[in-house]
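Student: coordinates for the following, if possible.
(one chain, ligands or ions: 2)
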Amino acid sequence: MTEILDRIRASLVGLRMTRALEALDHTLRRLERGEITAIEAIDGLLAEEHVTREGRRVTVAVKTARLMPIKTLESFDFSFQPSLDRGRILALAQLHFIERAEVVHLLGPPGTGKSHLATALGVEAVRAGKRVYRASLAEIIDALSRAERDGRLPEKLRFFSRNSLLIVDEIGYLPITPGGANLFFQLVNHRYEKGAMILTSNRGFAEWGEVFGDPVVATALLDRLLHHAIVVQIEGASYRLRAHADLMPEHTRAHAAIAPPPQPKRRGRPPKDGRIDQLHG
Ligand code: ADP
Ligand code: MG
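Tutor: Ligands and ions are numbered 1, 2, ... in the order given. Here you go, the predicted structure:
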């Protein structure tokens, strides 16, 4: 008996199953007292180990994906944002858009929860074992510019494309550096139909020429980013300012209207799966 137990311990050590090793003695005592069956003992030990490891994996992956501070769908108050269809967000959380390499646009004025929802969907993807990375558009362009300067642009493009979900936050807040729009276009092109993206923006698609400082590149970007696209528009008040709504100037209180997306003109081959892309629905 002690011989078998020693062997079990050695195996758990060899397999680095530290949590199961910790729980072993307690489990054996319960087994001896007849509180659990043998099969329950095995199940309990493996579940302890698995849950602990999954928790550790998600904690690390959430940091690697730069999804901190962590936001979840559970902590999102849908009742505060009635224009937002909860069912649609929960459908996105099923993550089929990642398998289909689609682009999700979250549009709306500041403080309406775009980054929160993008992060929360990223967390769901991490939990499901997907590789995720989040950065603001400014950070992405900055990283690509530096890589280009150092002759490492292809490597950096591969780095951003390696993730099955890339979250590009805060499109439209900061002016784009010259050449930046082109670098972002290269990234989008690199990922096109290969990897999913979530983009958040406070600006409508009609303003992208201005946002990217280059109408030609903006059109080419939209062409790809609206092809297999899901557009979620949030029209509501800022959650950040909810306690101070009465202090805010009238024009900032409600829906800062965002122009609806232009219908992209498609050239060339039709969508692979023959689906009519859901735009603005
Ligand atoms: P946006 O990216 O649209 O400017 P954020 O997602 O950053 O807005 O939201 C601002 C802050 O308010 C964040 O701390 C976010 O977690 C919180 N927040 C926004 N909307 C909600 C909501 N409906 N329920 C709970 N928290 C929210
Ligand atoms: Mg934001």
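
Student: in contact with R162, which residues?
Tutor: R162 makes contacts with R131, as judged by C-beta atoms under 8 Å, 6 or more residues apart in numbering. All C-beta atoms are positioned from the backbone trio N, CA, C, and that covers glycine.

Student: what is the burial count for the closest residue to R242 other than its chain neighbours?
Tutor: Closest residue in space to R242, ignoring its immediate chain neighbours: F80 at 7.1 Å, by C-beta to C-beta, 6 or more residues apart in numbering. Burial of F80 is recorded as 13 neighbouring residues (other C-beta atoms under 10 Å).

Student: let me see the contact set for F80.
Tutor: The neighbourhood of F80, defined by C-beta under 8 Å, 6+ apart, consists of 113, 236-237, 239, 242.

Student: may I see the PyMOL selection of the buried members of these?
Tutor: Typed into PyMOL, the next command selects the buried ones out of the contacts of F80 (criterion: 16 or more other C-beta atoms under 10 Å):
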select buried, resi 113+236+237+239
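
Student: redo the contacts of F80 as JSON lines? Include pLDDT and secondary structure.
Tutor: Output for those, formatted as JSON lines (pLDDT from 0 to 100; DSSP: H, G, I helix; E, B strand; the rest coil):
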{"residue": "G113", "pLDDT": "96", "secondary structure": "coil"}
{"residue": "G236", "pLDDT": "86", "secondary structure": "coil"}
{"residue": "A237", "pLDDT": "87", "secondary structure": "coil"}
{"residue": "Y239", "pLDDT": "90", "secondary structure": "coil"}
{"residue": "R242", "pLDDT": "80", "secondary structure": "helix"}
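
Student: re the thing from before, distance check, the residue nearest to R242 against H105.
Tutor: Counting by C-beta to C-beta, to the nearest Å, the separation of F80 from H105 is 21 Å.

Student: wasn't V168 part of a helix?
Tutor: No - V168 sits outside any helix when classified using DSSP: H, G, I helix; E, B strand; the rest coil, being strand.

Student: and it, how many residues sit next to it?
Tutor: Here the number of neighbours of V168 (other C-beta under 10 Å) works out to 25.

Student: and whichever strand or helix holds D142, what's buried?
Tutor: Here D142 sits within helix 137-149, counting by DSSP states H and E. Neighbour counts using 16+ other C-beta under 10 Å place 137-138, 140-141, 143-145, 147-148 of helix 137-149 among the buried residues.

Student: and of these, the nearest to R191?
Tutor: I140 (11.6 Å; C-beta to C-beta).

Student: that closest one touches L187, doesn't it?
Tutor: Yes - the criterion here is C-beta atoms under 8 Å, and I140 meets it with L187 at 6.9 Å.

Student: overlap in contacts, these two.
Tutor: Between them, I140 and L187 share these contacting residues under C-beta under 8 Å, 6+ apart: F160.

Student: quick one: distance of the host helix or strand of R53 to the chain centre.
Tutor: Element membership for R53, per DSSP H and E: helix 38-64. Centre-to-centre, helix 38-64 and its host chain are 23 Å apart (C-alpha atoms, centre = their mean, to the nearest Å).

Student: after that helix comes which helix or strand?
Tutor: Taking DSSP H and E, what comes next after helix 38-64 is helix 86-92.

Student: does L12 count as helix, strand or coil?
Tutor: Here L12 is recorded as helix under three-state DSSP.

Student: quick check, it in contact with R19.
Tutor: No - using C-beta under 8 Å, L12 is not in contact with R19, being 9.3 Å away.

Student: got any residues that touch both of these two?
Tutor: Common contact partners of L12 and R19 (C-beta under 8 Å, 6+ apart): none.

Student: and the residue nearest to R242, how far from T112?
Tutor: Where T112 is concerned, F80 sits at a distance of 9 Å (C-beta to C-beta).

Student: now for those two: what residues contact both?
Tutor: Counting by C-beta under 8 Å, 6+ apart, the contacts common to F80 and T112 are 236-237, 239.

Student: what is the nearest of those residues to ligand 1?
Tutor: Y239 (3.2 Å; C-beta to the nearest ligand atom).

Student: mind checking what secondary structure the closest residue to that closest one other than its chain neighbours has?
Tutor: In this structure, Y239 finds its nearest non-sequential neighbour in G111, 5.3 Å apart by C-beta to C-beta, 6+ apart. Of the three states, G111 takes coil under three-state DSSP.
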